[in-house]
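Engineer: What would the 3D arrangement of this be:
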Amino acid sequence: MLTDTFLRYKNGCLKLFVKEGDTISFVGTGFIVHEKGYLVTVAHILYSQQNLVAVAEDTGDGFVPVVSQENYPMPVNVVDMDYDRDIALLKFDTDVNIEMPDHMIGTPDDTVVGNLVSCVGYPFGFHHVFNQTIQSAIVSAKINSRNETNIFLFNTMIHLGTRGGPLVDVEEGRVIGVVAGQFDPLEAAPKFMKEEELPDSNFSYAVSIEYAAALLEKHGLDIS
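Structural biologist: Numbers count the residues shown, from 1 in each chain. Got it, this is the predicted structure:
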């Protein structure tokens, strides 16, 4: 089943970079959510909203070099940001021929604790290792955060480069969240707890896809 998930989403997951002069810096992962050229990522990785480019990965079935010699950066613009929910909606600056999975936006309410999930991204991009990977986990909890954002907690540690990638319900084959980072219990613990009482966390979390869907609908895009 994980193979099916990877094959379904690998071509739609892209590396995101910021160009600053002659320097190009990796910032994380984004993924295509609409055939008209729209992508989603998490807002907090976009320290600059200017000169963003997305780069697709050539992922064959064989062994792939850590750095591809044939990259084709495609400029992308920020269309909208929901800072409270940590979601950014991007769009290719030029027309791009896109073939994408049908019905990829899932229904977070239908995903229950214990479901198998996976995330696709570029975990080691900050180390200039640009191989696409898939990780698996289970949904460990569904949490409404302090600012009333719905998040999925899952039991694997993701690396910084995977932030912005899709969290996929493996059984449904649909995206239910946008991977946001390692889970920090300090952010979720009751305020009366002392810091030294809080455990370290090997869990990660994803923001519910419902907020990305809301941004798409806000801009008149059909997500059915």
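
Engineer: what about the spatially closest residue to residue 44 that is not a sequence neighbour, distance to residue 106?
Structural biologist: If the residues on either side of it in the chain are set aside, residue 44 comes closest to residue 86, at 5.6 Å by CB to CB, 6 or more residues apart in numbering. To be clear about C-beta, it is placed using only N, CA and C from the backbone, and glycine gets the same treatment. Taking CB to CB, to the nearest Å as the criterion, residue 86 is separated from residue 106 by 18 Å.

Engineer: repeat for residue 99
Structural biologist: Relative to residue 106, residue 99 is positioned 20 Å away (CB to CB).

Engineer: Among these two, which residue is more densely surrounded?
Structural biologist: Neighbour tally, residue 99 and residue 106, criterion other CB atoms under 10 Å: the higher count belongs to residue 106, 22 against 8.

Engineer: so who does that one touch?
Structural biologist: 168-169, 172, 174-176, 209 (CB atoms under 8 Å, 6 or more residues apart in numbering).

Engineer: As PDB, could you dump the C-alpha coordinates of the host helix or strand of residue 9?
Structural biologist: Here residue 9 sits within helix 2-9, counting by DSSP states H and E. Only the C-alpha atoms of helix 2-9 are listed here, as PDB (Å, rounded to 0.1, in the frame of the first residue of the first chain):
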ATOM      1  CA  LEU A   2       2.900   2.400   0.700                       C
ATOM      2  CA  THR A   3       4.200   1.700  -2.800                       C
ATOM      3  CA  ASP A   4       0.800   2.800  -4.200                       C
ATOM      4  CA  THR A   5       0.900   6.000  -2.100                       C
ATOM      5  CA  PHE A   6       4.400   6.800  -3.300                       C
ATOM      6  CA  LEU A   7       3.600   6.300  -6.900                       C
ATOM      7  CA  ARG A   8       0.400   8.400  -6.500                       C
ATOM      8  CA  TYR A   9       2.100  11.400  -5.000                       C
END
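
Engineer: Now the residue nearest the centre of the chain: closest residue in space, sequence neighbours ignored.
Structural biologist: Geometric centre of the chain, nearest residue: residue 165, 2.0 Å, by CA atoms, centre = their mean. Distance criterion CB to CB, 6+ apart; nearest residue to residue 165, sequence neighbours excluded, is residue 121 at 3.3 Å.

Engineer: do you know how far the one you found is from residue 180?
Structural biologist: Residue 121 is 12 Å from residue 180, by CB to CB.

Engineer: okay, and the common contacts of these two?
Structural biologist: residue 163.

Engineer: need the next SSE after the lowest-mean-pLDDT helix or strand in the chain, C-terminal direction.
Structural biologist: Least confident helix or strand of the chain, by mean pLDDT, DSSP states H and E, is helix 185-188 with a mean of 70. Remark: after helix 185-188, the chain's next helix or strand is strand 204-208, criterion DSSP H and E.

Engineer: returning to what we had before: which members of the contacts of residue 106 are the farthest-apart pair?
Structural biologist: 172 and 209 (11.6 Å; CB to CB).

Engineer: Looking at those two now, which is surrounded by more residues?
Structural biologist: For residue 172 versus residue 209, neighbours defined as other CB under 10 Å are more numerous around residue 209 (29 against 15).

Engineer: Verify the stated contact: the more buried one with residue 109.
Structural biologist: No. Counting by CB atoms under 8 Å, residue 209 sits too far from residue 109 to count as a contact (11.1 Å).

Engineer: what ranges do the strands span in the protein?
Structural biologist: 13-20, 23-34, 38-41, 52-55, 74-82, 87-92, 116-121, 133-144, 150-154, 166-169, 174-182, 204-208 (DSSP state E).
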